[in-house]
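S.K.: could you work out the structure for the sequence below:
(4 chains)
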Number of protein chains: 2
Amino acid sequence: MDAKKAEKISKALADPNRLTILKEIKKSKSCLYCVDLNNTINLAQPSIAHHLKLLIESELVTSDKEGRNVRYYLNNKLLDEYISFLEGFKI
Amino acid sequence: MDAKKAEKISKALADPNRLTILKEIKKSKSCLYCVDLNNTINLAQPSIAHHLKLLIESELVTSDKEGRNVRYYLNNKLLDEYISFLEGFKI
DNA sequence: ATCATTTATTGAAGAATTTCGATAAATACG
DNA sequence: CGTATTTATCGAAATTCTTCAATAAATGAT
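M.R.: Now for the predicted structure:
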């Protein structure tokens, strides 16, 4: 992973609501629907959509459509690559 | 590590110049002087000082004074804690 | 086909971040 | 002491990010 990609992922992680979304994805046993976040996160719907978009653009989260719902998944592989990048800073 | 702390660290990592600083700390074999960064990073001195301050406030980087220089170190322990926090998102 | 539900987009306001010039503070050197 | 070097702080401008209301788009249900 290059620094530019790591920067984008760091930015995706640099917001409390996006961290909450990742926690909810984990809690939901591998996926969740966007609509479920409206109960968990105290933000207007367009704001949640915005945060999901940033997470997807960072590729930390993937999605697929199921009818009119969207399911979200964590990209474990990319998270591992990001972690490896960070390990590279260690002495 | 709680989410608030992780957010702060993510923010510290969410800038190309700060990632460069961390890389330089690594390259310098465990420490470096602030003044060395002026050659590596194309920013005015107050900007570099600002980025170093954010890294130190996140506690990802520690420092100690040596005469009029300051040495910077990576906080390996905190980086590991951050990585553990991220691992917590994995399925 | 109509209506309801879920998600996405647009545009704008406010907040936070980045950057720099100017300047101050601290320390080393002669 | 006076000067040079290194780092920190202040204040302002520019940019980026967050948030929301309004609205659109897509799909499901009746």
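
S.K.: close to chain B, is the helix or strand of chain A with the lowest mean pLDDT?
M.R.: Least confident helix or strand of chain A, by mean pLDDT, DSSP states H and E, is strand A:32-33 with a mean of 78. No: using Cβ under 8 Å from any Cβ of the partner chain, strand A:32-33 stays clear of chain B, with a minimum separation of 12.1 Å. C-betas here are computed from N, CA, C, even on glycine.

S.K.: what's the following helix or strand past that strand in contact with?
M.R.: Scanning forward in sequence from strand A:32-33 by DSSP states H and E, the next helix or strand is helix A:37-40. Contact with helix A:37-40 is made by A:20-21, A:24, A:45, A:48, A:52, as judged by Cβ atoms under 8 Å, 6 or more residues apart in numbering or on different chains.

S.K.: which one of those sits closest to chain B?
M.R.: residue A:20 (7.4 Å; Cβ to the nearest Cβ).

S.K.: element containing residue A:90?
M.R.: Going by DSSP H and E, residue A:90 is not part of any helix or strand.

S.K.: make sure it is actually in contact with residue B:74.
M.R.: Yes: using Cβ atoms under 8 Å, residue A:90 is in contact with residue B:74, at 6.8 Å.

S.K.: mind listing the helices for chain A?
M.R.: A:3-13, A:16-27, A:37-40, A:45-57, A:76-87 (DSSP state H).

S.K.: any low-confidence regions in chain A?
M.R.: Applying pLDDT under 70 to chain A picks out residues A:30-31.

S.K.: chain B contacts on that one?
M.R.: A:3-4, A:6-7, A:10-11, A:13-16, A:19-20, A:22-23, A:25-26, A:29-30, A:74, A:76, A:79-80, A:82-83, A:86-91.

S.K.: contacting residues around stretch A:72-82?
M.R.: A:1, A:6, A:9, A:21-22, A:25-26, A:30-34, A:52, A:55, A:59-64, B:86, B:89-91.

S.K.: mean neighbour count for the helices of chain A - can I get that in a markdown table?
M.R.: A markdown table is the format used below for the helices of chain A (neighbours: other Cβ atoms under 10 Å in any protein chain shown):
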| stretch | mean neighbour count |
| --- | --- |
| helix A:3-13 | 19 |
| helix A:16-27 | 18 |
| helix A:37-40 | 14 |
| helix A:45-57 | 15 |
| helix A:76-87 | 16 |
